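Peer 1: please find the sequence and the predicted model below.
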Amino acid sequence: SLSGPLVDDRLYYFFGASHYEYGGEYTNSITGRKFGDEQSDAVTLKLNWTPTENLDVNFLTTYQEDNDGHAAIFFQ
């Protein structure tokens, strides 16, 4: 993640990104594919604007994508 001022005392940003990957618990002996594999990617952007002493405006957006395989518990 990164954060800081874009305009001193007026406009600040936050940017964060993550990636998670897990290979799975079991291997299918016929196909060689793994069961229980997981993959997640996420990106977040936040802007905080303070145009006056009495007003704060926040903008926040997040994107996340999950690509998970079959849970291994279903194949036991």
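Peer 2: Cool, the structure landed.
Peer 1: make sure P5 is actually in contact with N48.
Peer 2: No: between P5 and N48 there is no contact under Cβ atoms under 8 Å: 9.7 Å. C-beta coordinates here come from the backbone N, C-alpha and C atoms, glycine included.
Peer 1: tell me, what's touching the two both at once?
Peer 2: Listed as contacting both P5 and N48 by Cβ atoms under 8 Å, 6 or more residues apart in numbering are L11, Y12, Y13.
Peer 1: which of those residues count as buried?
Peer 2: Taking 16 or more other Cβ atoms under 10 Å as the criterion, what is buried in those is Y12.
Peer 1: which one of the shared contacts of P5 and N48 is nearest G23?
Peer 2: Comparing these against G23 with Cβ to Cβ places Y13 closest, at 34.5 Å.
Peer 1: what residues does the closest one make contact with?
Peer 2: L2, S3, G4, P5, L6, L45, K46, L47, N48.
Peer 1: likewise for Y12?
Peer 2: Y12 makes contacts with S3, G4, P5, L6, L47, N48, as judged by Cβ under 8 Å, 6+ apart.
Peer 1: same question, T44
Peer 2: T44 makes contact with F14, F15, G16, A17, L60, T61, T62, Y63 under the criterion Cβ under 8 Å, 6+ apart.
Peer 1: go with 10 Å
Peer 2: Contacts for T44 (Cβ atoms under 10 Å, 6 or more residues apart in numbering) come out as S1, F14, F15, G16, A17, S18, L60, T61, T62, Y63, Q64.
Peer 1: and H70, by the same measure?
Peer 2: Neighbour list for H70: G24, N28, R33, K34, F35, G36, D37 [criterion: Cβ under 10 Å, 6+ apart].
Peer 1: quick one: which of these sit in strands?
Peer 2: K34, F35 (DSSP state E).
Peer 1: for the residue lying farthest from the centre of the chain, which three-state class applies?
Peer 2: Here the chain reaches farthest from its C-alpha mean at I30, the gap being 33.6 Å by Cα atoms, centre = their mean. What DSSP: H, G, I helix; E, B strand; the rest coil gives for I30 is coil.
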